[in-house]
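Chemist: Sequence and computational prediction follow.
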Amino acid sequence: MAIGKRTKKIREGIDRTKLYPLVDAIKLVKERATSKFDETIEVAMNLGVDPRHADQMVRGVVTLPNGTGRTLRVGVFARGAKADEAKAAGADVVGAEDLVEIVQGGKIEFDRCIATPDMMPLVGRLGKVLGPRGMMPNPKIGTVTMDVAGAVKGAKGGSVEFRVEKAGIVQAGVGKASFSEEKLVENVKALVDAVSKAKPAGSKGTYIQRVAVSSTMGPGVKVEPGTTLA
């Protein structure tokens with residue numbers, strides 16, 4: 001397939017075989033994020049794990065020091081006082097049985113889902129709907145909690161969920177092209193640190209094998225893994 005002029009141009013100056021220090025990689029990616037919209041800057045990490053094995057699953061949440069530049073819509077399954085807390089904290093959608101019915105009907109008006117523990121028997125019915133979207137509440141990442149206000153504020157304030165995919169890859173957005181290089185570097189290091197701390201017991205050999213950064217419409221730039229550590 002022929003490469004378009006724009007793609008060819010933004011690839012110029014990038015050595016596809018070279019590992020760049022993180023600061024240089026971010027600079028290259030930012031310079032090439034020339035779309036009319038504010039592109040998302042993304043990180044992809046190849047990990048030395050096989051997520052088909054339960055003891056090699058990598059999953060967690062990290063609050064980026066400079067936020068994500070994206071406004072998340074947050075849905076909360078809660079009743080009574082906890083529902084009120086969620087609304088006061090800025091949740092976009094709050095409900096119990098009524099919200100379950102809405103989601104079962106295929107209407108999902110949120111990007112992050114939080115639930116109080118007592119709601120999980122109800123929310124469990126939504127596994128087939130929320131599961132494939134990676135939105136099922138989970139106590140391991142703080143989305144099943146009695147501290148709904150804290151969870152909502154965290155989601156709104158720049159927390160990012162990460163989960164290893166079948167091929168052993170973790171991908172996550174770490175900000176926008178409009179962010180300064182310094183802020184993007186800080187966010188990347190925070191994500192890599194969180195993924196490092198989530199290293200499972202079953203992982204053998206080199207854990208973080210490859211790292212690359214890219215923008216929504218731009219080429220990937222390979223990064224020296226050692227330069228991503230805080």
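Modeler: Perfect, thanks for sending it.
Chemist: C-alpha from now on. contacts and neighbour counts both.
Modeler: Fine.
Chemist: ok, then the element right after the longest helix along the chain?
Modeler: Counting by DSSP state H, the longest helix found in the chain is helix 181-197. Later in the chain than helix 181-197, the nearest helix or strand by DSSP states H and E is strand 208-215.
Chemist: residues making contact with the next helix or strand after that following strand?
Modeler: Elements were assigned by DSSP H and E; along the chain past strand 208-215, the next helix or strand is strand 221-223. Strand 221-223 has contacts (Cα atoms under 8 Å, 6 or more residues apart in numbering) with 14, 16-22, 25, 28-29, 210-214.
Chemist: now stretch 80-100
Modeler: Taking Cα under 8 Å, 6+ apart as the rule, stretch 80-100 contacts 73-79, 109-110, 116, 119, 122-123, 126, 146, 148-150, 152-153.
Chemist: Let's see that with 7 Å instead.
Modeler: 73, 74, 75, 76, 77, 78, 79, 123, 148, 149, 152, 153 (Cα atoms under 7 Å, 6 or more residues apart in numbering).
Chemist: Count the residues that sit near residue 54.
Modeler: 10 (other Cα atoms under 10 Å).
Chemist: what do you get for residue 205?
Modeler: Neighbours of residue 205 (other Cα under 10 Å): 8.
Chemist: List the residues that contact it.
Modeler: Counted by Cα under 7 Å, 6+ apart, residue 205 has contacts residue 48.
Chemist: What's the first helix or strand after the host helix or strand of residue 28?
Modeler: Using DSSP H and E, residue 28 sits within helix 22-31. Following helix 22-31 in sequence order, the next helix or strand is strand 40-47 (DSSP H and E).
Chemist: ok, back up a step: taking strand 40-47 as reference, get the angle to the helix holding residue 28.
Modeler: Interaxial angle of helix 22-31 relative to strand 40-47 (axes from the mean of the first three to the mean of the last three Cα atoms, to 10 degrees): 140 degrees.
Chemist: Does residue 115 touch residue 79 like I think?
Modeler: No. Assessed by Cα atoms under 7 Å, residue 115 is found out of contact with residue 79, at 9.8 Å.
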